[in-house]
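Engineer: Kindly return the folded structure for what I paste below:
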Amino acid sequence: MLGKLMKAEAGPKPLLLPQLYVDLDVLYRGRGSSGVVTILGQHLIISRQLCLAGFEQAQLARVRQGHAALVRIDGQAKAGGAWIADGQDYEALRNALQVYERQLCVAPPAEVQIAQATMASMLAARKQNPAGQKAACAR
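Structural biologist: Below is the predicted model:
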């Protein structure tokens, strides 16, 4: 499974991507955790910010679908299930990570840092105002 995820492509590969694909594989195998979902979610927020900054902008829907899949996976796990990505949720997450991979190959490091800072600010704001979290996720 992991081999299919990591098929060789031309161009440089950011170093963090293999771990994200390992995390996706862990979810696929039903051995995920809240930490895995959190890490993937943070990177999809960065990807969303990069889309909004013009990097793979046409793929914003795929990134949002990946995030929605994480929300479903987390909800199912909290309702007594396991953290598992299968079927459409797995496909949505894989597609979103592929978008993120392309973004990291073309976006200047400064743009990635801006997206990371925005993600950190968003998460800090959510910690201060948990009631506003649902409204922020709907955007």
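Engineer: Please report how far the residue sitting nearest the centre point of the chain lies from residue 37.
Structural biologist: Nearest to the geometric centre of the chain sits residue 44, at 2.9 Å (Cα atoms, centre = their mean). Residue 44 sits 10 Å away from residue 37, going by Cβ to Cβ, to the nearest Å. Glycine gets a C-beta too; all of them are placed from N, C-alpha and C.
Engineer: shared neighbours of the two, which are they?
Structural biologist: Residues touching both residue 44 and residue 37 (Cβ atoms under 8 Å, 6 or more residues apart in numbering): residue 70.
Engineer: Low-confidence regions, this structure specifically.
Structural biologist: Applying pLDDT under 70 to the chain picks out residues 1-16, 130-139.
Engineer: Quick one: the helices in it, in order.
Structural biologist: Secondary structure of the chain (DSSP state H): helices at 2-5, 17-28, 34-52, 60-78, 87-106, 109-128, 133-138.
Engineer: Tell me how far the fifth one lies from the chain's centre.
Structural biologist: How far helix 87-106 lies from its chain's middle: 8 Å, per Cα atoms, centre = their mean, to the nearest Å.
Engineer: elements contacting that helix?
Structural biologist: Packing contacts for helix 87-106, counted by 3 or more Cβ pairs under 8 Å, 6 or more residues apart in numbering; DSSP states H and E, involve helix 17-28, helix 34-52, helix 60-78.
Engineer: Let me know the angle separating that helix from helix 34-52.
Structural biologist: Going by axes from the mean of the first three to the mean of the last three Cα atoms, to 10 degrees, helix 87-106 is angled at 60 degrees with respect to helix 34-52.
Engineer: outside of helix 87-106, which residues touch it?
Structural biologist: Outside of helix 87-106, the residues within contact range by Cβ under 8 Å, 6+ apart are 5, 11-14, 16-17, 20-21, 24, 27-28, 40, 43-44, 46-47, 50-51, 55-56, 59, 62-63, 65-70, 72-73, 85, 112.
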